[in-house]
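Engineer: Provided below for reference: sequence and predicted model.
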Amino acid sequence: MPKVLIADDVVEECPRTLREGGVEVDNKGKMKPDEVKAIIGGYEGLVVRSAIKVTKEIIDAGSRLKIIGRAGIGVDNIDVDAASRRGVIVMNAPLGNVTSAAEHAMALMLASARNVARADAQVRSGKWERNKNVGVELEGKTLGIVGLGKIGAHVMRAAKALGMRVLGFDPLLVKERAEVLGVELVEWDRLLKESDFITLHVPMTEKTRHMIGAAQLKMMKRSARIINASRGGIIDEKALADALAAKTIAGAALDVFEVEPLAADSPLLKLDSVVLTPHLGASTEEAQVKVAVDIAHQFVAYFRTGLVRNAVNLNVADPSLSPYLKLSESLGAMAFQLAGGKPRDIEVTCAGAIGSFDTAAITGAAICGMLAGIVGSEVNIVNARIYARETGLVVTENRRKDAGNYKSLLTVRVGTDEGNRSIAGTIFEGGQARIVAIDDFDIDIRPSRHMLMMLYPDVPGMVGKFGTVLGGGGINIARMEVGRDARGKQAIVLVAVDDPVPPKLIEEIRARIELKDIKGILLPAE
């Protein structure tokens, strides 16, 4: 039974869902990093929210760790690079707080437009200054939405319901999707110049850090207001404070900050034109339950079936492609073992029906199979590309429509300093994997844990000779397939055996048969 540590405050529905799914749970509540580091070695899974920083030291201490789950969207508090290097999957729960985050962005927008926070403070202090709190309406105004994912799209719908004109900026959004959403995609500078309100809904990356700075604030209308309920650091807070103080823009509303809690000496605290809330975007009763249950269900699915959902450091294959992941790993391992030598490059070609999908995970599986023979069990589908970069492996991915006689065909070619080997395979109806080609030889055999490949002249009596040697050595043949390029020329045989063929038997076969090549093959375990 897998064990999961919950190291942050989550609702009871999370551990209950995990236990109902057959997972052992230790719900410790909010923990300190050193406390987590001291015990994480005994767990396969870790669940956190945003309070704790999951550092490289914690991840390295998690010798059994397979998965880290964030009960929420942002994973800024998790060292994703360190997790990827260790082959640990990092998941989030991106849908549970969509409504809460979008509604809070709208609340901030309305609060800024109508000076709600300032007026509330004045009334509480005994003042009644209506004339100093004249606001603006949203109807008829232009809202610029930066990032049109699920939260941005939700805000867009709410804004349109209030009669706002909506502009959008999102480099990842295609024109067709924008048309479905009903938003006008514009260039960055135009959004800054034309918007009366700007709301940010993008992740925190090196590209988005300080994407709103002094230069961008100068481009905005003096009457404009900016809202950030996404991630801290997207706005340069010093530049924003300067712009608000100089009345370069009219106002701002922030739920997230570069450093949280907000420092007591922050210049933003001295400005009454900014609304400040303490990272409340996901702080609704409904959102806390949704994200906790979502991450628990994702853990259960992973531990039960290996299904990965909402991983931030893994290209997840379409479920219909799952059989091809195992096949790809086997083809990568076989091609490399047959080639021998120092790895140089790998080429993965997905043809036919599978070529119409995102096949990045299939390529990752082939790399994993190939490199397992070099770096051992440390490599998996999560960190395979990292190891590929570190070993200087050149990776090529191809997709094409034509699969010849097959509905789908997967081909893995491995190049080393000793030459190239190419293996092709497919999945038949019912999920049966088949190896259907080795280099230019047609063949048809199910992959097996232990196999033996031999290349020899196509003459009578060869099967009897190597069969006698294997039988005499106690090696049982489970399946066998012979292919040849032409009668009387070269033949290839692929033999599935119950146990690995020891080197002394391979040498005995060499002595009995005129071989061009012979290789023992070890494929990944089922």
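Structural biologist: Yep, that arrived.
Engineer: Please count neighbours and contacts with C-alpha atoms only from this point.
Structural biologist: OK.
Engineer: if we look at the lowest-mean-pLDDT helix or strand in the chain, which residues are touching it?
Structural biologist: Lowest on mean pLDDT, DSSP states H and E among the helices and strands of the chain sits helix 175-181, with a mean of 80. With contacts defined as Cα atoms under 8 Å, 6 or more residues apart in numbering, helix 175-181 is touched by 153, 184-185.
Engineer: Off-centre distance for it?
Structural biologist: Mean-position distance between helix 175-181 and its chain equals 24 Å (Cα atoms, centre = their mean, to the nearest Å).
Engineer: If residue 453 is in a bridge, with which residues?
Structural biologist: Listed beta-bridge partners, residue 453: residue 494, residue 519 (assigned using DSSP bridges).
Engineer: Tell me the spacing between it and residue 13.
Structural biologist: From residue 453 over to residue 13 the distance is 53 Å, taken as Cα to Cα, to the nearest Å.
Engineer: Could you do residue 512 as well?
Structural biologist: 67 Å.
Engineer: can you count the residues close to residue 123?
Structural biologist: 12 (other Cα atoms under 10 Å).
Engineer: Test my guess that residue 280 contacts residue 231.
Structural biologist: No - contact criterion Cα atoms under 8 Å: residue 280 and residue 231 do not qualify, at 11.7 Å.
Engineer: contacting residues around whichever strand or helix holds residue 47?
Structural biologist: Using DSSP states H and E, residue 47 falls within strand 45-48. By Cα under 8 Å, 6+ apart, the residues outside strand 45-48 that reach it are 2-9, 65-71, 299.
Engineer: Return the subset of these lying in strands.
Structural biologist: Counting by DSSP state E, the part of the contacts of strand 45-48 found in strands is 3-6, 67-70.
Engineer: okay if I get the residues you listed as JSON lines plus neighbour count and distance to residue 393?
Structural biologist: Shown next, in JSON lines, are the ones in strands among the contacts of strand 45-48 (neighbours: other Cα atoms under 10 Å; distance: Cα to Cα, whole Å):
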{"residue": "3", "neighbour count": "19", "distance to residue 393": "36"}
{"residue": "4", "neighbour count": "25", "distance to residue 393": "35"}
{"residue": "5", "neighbour count": "23", "distance to residue 393": "36"}
{"residue": "6", "neighbour count": "22", "distance to residue 393": "38"}
{"residue": "67", "neighbour count": "22", "distance to residue 393": "27"}
{"residue": "68", "neighbour count": "26", "distance to residue 393": "28"}
{"residue": "69", "neighbour count": "26", "distance to residue 393": "31"}
{"residue": "70", "neighbour count": "24", "distance to residue 393": "32"}
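Engineer: any chance of those in a markdown table, with distance to residue 471 and pLDDT too?
Structural biologist: Compiled in a markdown table, those are given as follows (distance: Cα to Cα, whole Å; pLDDT from 0 to 100):
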| residue | distance to residue 471 | pLDDT |
| --- | --- | --- |
| 3 | 45 | 97 |
| 4 | 48 | 98 |
| 5 | 51 | 98 |
| 6 | 54 | 98 |
| 67 | 45 | 97 |
| 68 | 49 | 97 |
| 69 | 51 | 97 |
| 70 | 55 | 96 |
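Engineer: Point out where the stretch 251-400 of the chain drops to low pLDDT.
Structural biologist: In the predicted model of the stretch 251-400 of the chain, residues 317, 377 satisfy pLDDT under 70.
Engineer: rewinding a little: work out the sheet partners of whatever helix or strand comes next after the least confident helix or strand of the chain and label each with its direction, please.
Structural biologist: For helix 175-181, the following helix or strand on the C-terminal side (DSSP H and E) is strand 184-185. Counting by DSSP bridges, the strands paired with strand 184-185 are strand 165-169 (parallel).
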